[in-house]
Structures are given as structure tokens and as C-alpha cells.
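*Asks:* Sharing a model prediction with you, sequence too.
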Amino acid sequence: MFKTFAWVDLFVRLHNQSFIKRYESHISGPPLDLAILSISILFLWLTRGGVLDYIAPHLRYFLVVLPKYHYELPWLAENHSEQVALYTCLSFSLITFTVVKTLLFSIYIISSPLGREVIVTDLKSFVKPAAAYLLTFLSLAFLMPLPVYGAGASTTLLGNAYSLTIFNILFLKMLSGGIAATVLLAKRIKRPNRRDPVEVTSND
């Protein structure tokens, strides 16, 4: 996953094996780090729920700035009031962890010697699908609330903090991978010139 992005092969003529292994370990596979973080917070909630009850109101001020949580937190308070502190701490922790991890890995990509070997003749063929992908998962992770179906949602699939968190982990994982792939492609991309050999790196 994310070895090809926006129909462009990101690893073409890339010989830095150390970088490839670290990139694959960061991008590929299930989001175990986010899952472990969520389980740890859940365990804390089950054993010392008072700690999360104290922290959650302070974290809520940051979350409600995002349209997604501006809707979801009041909705959850109405349907599952006992889960509000858990969902607040889970969401804030997952977002913070993902932002820091993505930022650090993007800096690692930028600072790594990789070479500009990805030849793209039409930048629009890369920019449009990459922007569409990032905007989609950015919206799902921060803008669009999941329980948008009104009354009775507490009995449906998305009707509790656990299922909402599972979807949030998926959206954050896909967004983080998309950002890393975009940074990698931006670092390696170059416009063709007369000396460049003809090489197909895009399906367009």
C-alpha cells in the first residue's frame, strides 16, 4: 500500500534499501500502534475512569473546533453519556499521535537521500488524484461526523464510542499514509528534459 500513489510508482529506481524497509514498516500493515494506544486508554477507562472524567473536559475544547467532533460529542452525550469521556480521550490521543508520527516521518522522507527519478510529464495527472484522496480522508477524519442519521442511532452500527473509534483509526491511517506518499512523490518527482530516457511511471 502507498508504493504507488496517484498512479505513479514511488519506488522507481530507488536503491536506498534502508529507506524502503522503514517506509514499508511505517505504511504497510494494520495500524497496530493506534490499536494499542486505543486499548491502553480503554483499559485506563475501565480501571480508573475518574482520570479520564477529569481530563476529558479540557480536551473537549480542542476537539469541538473540528466540525466532526462538534457534532459527535453532543450526539454521544445524548445517546451514550457514559462514553463521552472515553471517546474524547480516545479521539484526542489518536489525532495527536497520528499528527506527530506523520510529521516526523515526513521530515525523515525529506531529509533522506533518494534522488529525483520519478518523471511525470503532466503534473495535473498527479495533483488531481492526490488532492482528491487527501481531501476525502481529511474530511472523513476531521470534518464529516459519522452518526448523521438522526434519532435511533444508538441501536445502529455506528451508535457507540467503540465503533466510531474503529472508523477513526481507519481514516487516520489512510490519511497519514496518503500524506507520506505525497511527500515522497513531491521529493522524487521531476519534469522530463531532453536527456531523460523515455520511461512510463504513470498510467495516464
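*Replies:* That came in fine, so what should we check first?
*Asks:* distance of Cys89 from Leu63?
*Replies:* 10 Å (Cβ to Cβ, to the nearest Å). Where C-beta positions appear, they are placed from N, C-alpha and C, glycine not excepted.
*Asks:* Which one of these two is surrounded by more residues?
*Replies:* Cys89 (24 against 20; other Cβ atoms under 10 Å).
*Asks:* Excluding chain neighbours, give the residue nearest to that one in space.
*Replies:* The spatial neighbour of Cys89 that comes closest, neighbours along the chain excluded (Cβ to Cβ, 6 or more residues apart in numbering), is Leu52 at 4.9 Å.
*Asks:* so the one you found touches Leu44, yeah?
*Replies:* Yes: with contact defined as Cβ atoms under 8 Å, Leu52 reaches Leu44; the gap is 6.6 Å.
*Asks:* of these two, who's got more company?
*Replies:* It is Leu52, of Leu52 and Leu44, that has more neighbours when counted by other Cβ under 10 Å, with 20 against 15.
*Asks:* Where does the more buried one fall, secondary structure wise?
*Replies:* Assigned by DSSP states H and E, Leu52 belongs to helix 49-63.
*Asks:* and that helix, what's its mean pLDDT?
*Replies:* On average, the pLDDT along helix 49-63 is 91.
*Asks:* Go through that helix and flag the buried ones.
*Replies:* For helix 49-63, the neighbour count (16 or more other Cβ atoms under 10 Å) marks Leu52, Ala56, Leu59, Arg60, Leu63 as buried.
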